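Enquirer: what's the 3D shape of this:
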Amino acid sequence: MDHNVTLISTIAAGFGMALVLGFIAERLKVPALVGYLLAGIVLGPGTPGFVADIGIASQLSEIGVMLLMFGVGLHFSLKDLLAVKRIAVPGAVVQMTLATLLGMGAAWFWGWNWGAGLVFGLSLSCASTVVLLKALESRGLLDTMNGRIAVGWLVVEDLATVLVLVLLPPLAGVLGGTVLHQASTSSAELWWTIGQTLLQVAAFIVVMLVAGRKVLPWVLWQVARTGSRELFTLSVVAMAISIAYGASVLFHVSFALGAFFAGMVMRESEFSHRAAEESLPLRDAFSVLFFVSVGMLFQPAILLEQPAHVAVAVAIIILGKSLAALVLVLAFRYPLNTAITVAASLAQIGEFSFILGGLGVSLGLMPAEGMSLVLAAALISIALNPLIFASSQPIQRWVLARSEFARRLESRDDPYAELPMSTERRYLAGQVVLVGYGRVGRRIAQALEANSIPYVVAEQNRELVEDLRKQGKAAVYGNATDPAVLIQAHIAEAALLVVATPDPLNVRQMVDTARTLNPGIEIVLRTHSDEESRMLRKENMGMVFFGEEELAKGMTHYVVERFGPQPGASRNVHL
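Expert: Numbering: from 1, shown residues only. Purely as a prediction, here's the structure:
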C-alpha cells in the first residue's frame with residue numbers, strides 16, 4: 001500500500017537533524033537555537049540532499065508560534081514590568097526606534113522602498129526571549145536587578161512587536177505590499193481599516209480579560225479535579241491552540257496575539273505554574289520545529305553574494321542596539337555594570353524577528369532577500385552572544401582601570417544613594433537595616449512599622465527606592481554588598497541587619513562588611529536551601545531562617561494548637 005508520509009518525514013527529519021546539530025552547538029558553548037536554525041538550513045531547498053516539505057513545515061511552525069507565545073504569556077508578569085517601568089518602557093521604545101531607523105537607512109541605501117526598510121528595521125530591533133532568558137539564567141543574573149531590567153525591557157519590546165503584528169496587515173497596501181490589493185486607498189478608508197482592526201483587537205482583549213479570566217481558571221479547576229495528568233496537559237494545549245485559532249477566525253487577529261493572551265489570562269489561575277510545567281515539553285518540541293522551519297527559508301548563498309549586507313545587519317544588532325541601550329541606561333543614572341549587562345542581553349535577535357520578517361515577506365512588503373539577511377544576522381548574533389556576555393566583565397574591569405570617566409559612571413553621585421539630610425535621628429542609630437524590599441522584605445517592613453521600630457531599606461531597584469522616598473520612608477539605592485551602601489544606611493550605629501533576599505553568593509560579603517563596620521550588630525538572614533542554611537549556621541553568620549523549615553514550624557504550631565495537648569504527649573519535642 002502506498003502511503004503519503006510527507007508529514008512524518010518532515011517531523012522526523014526536523015527533530016533528528018535539530019537534535020544532532022543542537023547537541024553539537026551546546027558542546028561548542030553556543031545556544032542550541034543556532035543548531036536548530038542550521039538544521040532547517042540543511043533540510044531546506046538552499047542546500048543539496050533531502051528537502052523537507054516547506055508547506056507542512058510552515059504549518060507546524062505556526063503551532064510552534066502559538067505555543068511559544070502562549071509560554072511568553074504564561075511568564076508575563078505585569079507586576080514585574082511595573083517594577084522597572086521607568087527605565088524599561090522608554091528605554092525599549094527609544095532603542096527599538098533607533099534600531100529601526102538604522103535598518104531603514106541601510107535598506108534605503110540598498111534601494112529598497114521604505115515599507116521594506118521599516119519591516120527590516122523592526123525585525124532587527126527585537127531581541128530573542130529564549131536567548132536572553134537562557135543567557136541570564138546560566139550566569140545567575142535572572143533574579144538580580146540587572147536581570148529584571150533586561151527582562152522588563154524585553155517584555156516591552158515583545159508587547160510593541162505584538163502591536164506591530166496587529167497593525168502591519170491593514171497598513172500593507174500603504175507601505176507598498178504586493179499581496180493585498182493595490183488600488184488607491186483614501187485616507188478615510190485607511191483610518192477606517194486601522195480603526196476596525198484595533199476595535200477587533202480591543203474586543204478580543206476585553207473578551208479574554210472579562211470572560212477568559214473566569215472561564216479558563218474554572219475549566220482548569222474542573223479538569224484538575226479529575227486527577228488525570230494527561231487530561232490536564234491536553235486541556236492546557238487545547239486552550240492555547242483553540243483560543244489562538246478562534247481569535248484569528250472570529251476577531252481577525254494573529255495566532256501569536258491570541259496565544260499570548262491565552263497564556264497571560266491563564267497566569268491568573270492558581271494552576272498557572274502547573275500549566276507551564278505540563279505544557280513545557282510540547283512547547284519546547286514545537287518551538288524546535290518553528291526554528292527549523294525558519295532555517296529552511298534561509299538561502300546560504302547570501303553570505304557569499306552579499307557579505308557586506310550581512311555585516312551591516314549584524315553591526316546594527318550588536319553595535320547599534322547595544323550602544324543605544326548602554327547610553328539609555330546610563331542616562332537613567334544606573335551604574336555602568338547595569339548598562340553593560342542590559343546592552344549584552346539585547347545584542348541578538350530571535351523568534352519575533354522571524355515572525356515579523358515572515359509576515360513582511362507574506363504581505364509582499366519585504367523581499368525574500370531581506371528574510372535571508374534577518375536569518376543570517378540572527379544566526380551570527382545568537383552565536384556571538386555568549387562571547388559578548390563572557391567578555392562584558394573583563395571589558396568593564398579594563399575600562400574601569402583605565403578611565404576616570406568610567407569610574408565616575410560606576411560610582412557617581414545619585415540622590416537616592418544616600419539618605420536625605422532631613423532624615424530623623426531615630427533612623428540613623430539603633431535602627432534596623434533591611435536589605436531587600438521584595439515580598440518577604442515588604443512584610444517585615446509592615447511588621448516593623450506596626451511596632452514603631454525604625455528601619456532603613458537598602459534596595460537595588462532604584463524605582464522602588466524612589467517610591468519609598470515619596471512615601472516618606474528611609475531608603476537607599478544600591479547593592480548591599482558594596483560597603484558604601486551599608487555605610488549610607490548607617491550600619492555603623494544600627495541595632496540589626498536583616499537580609500530579606502536569598503543571596504548565598506553575596507550574603508557572606510554583606511555580613512563581613514557589616515561586622516567590620518559594626519562588630520556588635522545582630523544579623524538575621526534568609527535562605528531557600530537547607531544545605532546553605534546549615535553552612536551559614538555553622539559559620540556563625542547570624543540567625544538563619546530557612547523557608548521550608550519556618551513553614552513547617554508554623555503549620556505544626558497551628559495543628560498542635562488546634563488539637564490541644566493529648567494524653568501521653570511529650571512536651572520536649574521541637575522541630
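
Enquirer: and residue 246, how many neighbours?
Expert: 15 (other CB atoms under 10 Å). Where C-beta positions appear, they are placed from N, C-alpha and C, glycine not excepted.

Enquirer: ok, and the closest non-adjacent residue to it?
Expert: residue 258 (7.0 Å; CB to CB, 6 or more residues apart in numbering).

Enquirer: which stretches of this protein form strands?
Expert: Remark: strands assigned in the chain by DSSP state E are 432-435, 455-459, 475-477, 496-499, 522-527, 543-546.

Enquirer: what's the closest of those to residue 109?
Expert: For the strands of the chain, the distance to residue 109 is smallest for strand 475-477, at 43.6 Å, taking CB to CB.

Enquirer: so how far is the closest one off the chain centroid?
Expert: On the basis of CA atoms, centre = their mean, to the nearest Å, strand 475-477 sits 26 Å off its chain's mean C-alpha point.

Enquirer: in its sheet, what does that strand sit against?
Expert: strand 455-459 (parallel) (DSSP bridges).

Enquirer: I figured residue 340 hits residue 325, correct?
Expert: No. The pair residue 340 / residue 325 is not scored as a contact, 9.5 Å apart, by CB atoms under 8 Å.

Enquirer: okay, these two: which has more neighbours?
Expert: Neighbour count, other CB under 10 Å: between residue 340 and residue 325, residue 325 has more, with 28 against 24.

Enquirer: so who does the closest residue to the more buried one other than its chain neighbours touch?
Expert: Leaving out its chain neighbours, the residue that sits closest to residue 325 by CB to CB, 6+ apart is residue 343, at 4.5 Å. Residue 343 makes contact with 321, 322, 323, 325, 326, 329, 392, according to CB atoms under 8 Å, 6 or more residues apart in numbering.

Enquirer: domains for the chain, by residue range?
Expert: Taking automatic domain parsing as the reference, the chain has its domains at 56-399, 425-563.

Enquirer: Reformat these as JSON lines; add distance to residue 15 and mean pLDDT.
Expert: Output for the domains of the chain, formatted as JSON lines (distance: least, CB to CB, whole Å; pLDDT from 0 to 100):
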{"stretch": "domain 56-399", "distance to residue 15": "7", "mean pLDDT": "81"}
{"stretch": "domain 425-563", "distance to residue 15": "36", "mean pLDDT": "83"}
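
Enquirer: and residue 34, which of the ones you listed is closest to it?
Expert: domain 56-399 (5.1 Å).

Enquirer: dump the residue contacts of the residue nearest to residue 246.
Expert: 66, 204, 243, 244, 245, 246, 247, 248, 251.

Enquirer: Among the residues you listed, which one lies nearest to residue 380?
Expert: residue 66 (27.8 Å).

Enquirer: I'd say the closest one and residue 238 touch.
Expert: No. Using CB under 8 Å, residue 66 makes no contact with residue 238, being 11.5 Å away.

Enquirer: more neighbours, those two?
Expert: The neighbour count for residue 66 versus residue 238, taken as other CB under 10 Å, is higher for residue 66 (29 against 12).

Enquirer: How much space separates the residue nearest to residue 325 from residue 96?
Expert: 14 Å (CB to CB, to the nearest Å).

Enquirer: in the stretch 351-500 of the chain, which spans are helices?
Expert: 351-362, 368-402, 404-410, 439-450, 462-470, 483-488 (DSSP state H, counting those that start in this stretch).

Enquirer: out of those helices, deepest packed?
Expert: helix 351-362 (a mean of 24; mean count of other CB atoms under 10 Å).

Enquirer: angle of it against helix 368-402?
Expert: 150 degrees (axes from the mean of the first three to the mean of the last three CA atoms, to 10 degrees).

Enquirer: what's helix 351-362 packed up against?
Expert: Counting contacts by 3 or more CB pairs under 8 Å, 6 or more residues apart in numbering; DSSP states H and E, helix 351-362 packs against helix 54-74, helix 114-125, helix 129-138, helix 145-175, helix 272-296, helix 368-402.

Enquirer: so residue 466 makes contact with residue 417?
Expert: No. The pair residue 466 and residue 417 does not pass the contact test of CB under 8 Å, sitting 11.7 Å apart.

Enquirer: What separation do you get for the residue nearest to residue 132 when sequence neighbours are not counted and residue 399?
Expert: The spatial neighbour of residue 132 that comes closest, neighbours along the chain excluded (CB to CB, 6+ apart), is residue 345 at 5.2 Å. Applying CB to CB, the value for residue 345 to residue 399 is 18 Å.

Enquirer: residue nearest the centroid of this protein?
Expert: Note on the chain: the residue nearest the mean C-alpha position is residue 151, at 3.5 Å, using CA atoms, centre = their mean.

Enquirer: Show the contacting residues for residue 9.
Expert: 52, 53.

Enquirer: Kindly recompute the last result at 10 Å.
Expert: 50, 52, 53, 56 (CB atoms under 10 Å, 6 or more residues apart in numbering).

Enquirer: which residues are in contact with both of residue 466 and residue 417?
Expert: Contacts common to residue 466 and residue 417, judged by CB under 10 Å, 6+ apart, are residue 477.

Enquirer: Tell me, how many residues neighbour the nearest residue to residue 117 once chain neighbours are set aside?
Expert: Nearest residue to residue 117 in three dimensions, chain neighbours excluded: residue 107, at 3.2 Å (CB to CB, 6+ apart). Per other CB under 10 Å, the neighbour tally for residue 107 reads 26.

Enquirer: Please tell me how far residue 107 sits from residue 118.
Expert: 8 Å.

Enquirer: Just give me the residues shared between the contact sets of those two.
Expert: Common neighbours of residue 107 and residue 118 (CB under 10 Å, 6+ apart) are residue 366.

Enquirer: Surely residue 239 touches residue 218?
Expert: No. Assessed by CB atoms under 10 Å, residue 239 is found out of contact with residue 218, at 11.8 Å.

Enquirer: These two: which is more packed in?
Expert: residue 239 (24 against 11).

Enquirer: and the more buried one, what does it touch?
Expert: 70, 212, 215-216, 219-220, 223, 259, 262-263, 265-266, 275, 279.

Enquirer: how far away is residue 215 from residue 208?
Expert: With CB to CB as the criterion, residue 215 and residue 208 are 10 Å apart.

Enquirer: Neighbour count: these two, which is higher?
Expert: residue 208 (21 against 14).

Enquirer: which residue packs closest to the more buried one, ignoring adjacent ones?
Expert: Residue 208 sits nearest to residue 261 (CB to CB, 6+ apart), 4.6 Å away.

Enquirer: Verify the stated contact: that neighbour with residue 211.
Expert: No. When contacts are counted by CB under 10 Å, residue 261 is not listed as touching residue 211 (11.8 Å).

Enquirer: Same drill for these two, tell me which one is more crowded.
Expert: When residue 261 and residue 211 are compared for neighbours, residue 261 comes out ahead with 26 against 11, by other CB under 10 Å.

Enquirer: ok, now which ones touch that one?
Expert: 69-70, 73, 76, 162, 201, 204-205, 207-209, 212, 243-244, 247, 253.

Enquirer: just how off-centre is stretch 303-320 within its chain?
Expert: 26 Å.

Enquirer: now do the same end-to-end measure for it.
Expert: 21 Å (CA to CA, to the nearest Å).

Enquirer: before we move on, what about stretch 329-346?
Expert: Where stretch 329-346 begins and where it ends lie 12 Å apart, using CA to CA.

Enquirer: Report the buried residues of it.
Expert: Neighbour-count burial for stretch 329-346, counted by 16 or more other CB atoms under 10 Å, picks out 329-330, 332-346.

Enquirer: Could you do stretch 472-491 as well?
Expert: 473-483, 485-486, 488-491.

Enquirer: Same check on stretch 279-295?
Expert: Quick answer for stretch 279-295 (16+ other CB under 10 Å): 279, 282-283, 285-295.

Enquirer: what residues are shared contacts of residue 215 and residue 208?
Expert: residue 265.

Enquirer: mind listing what residue 507 touches?
Expert: 435, 480-481, 499, 501, 523, 525-527, 532, 536, 541-542, 544.
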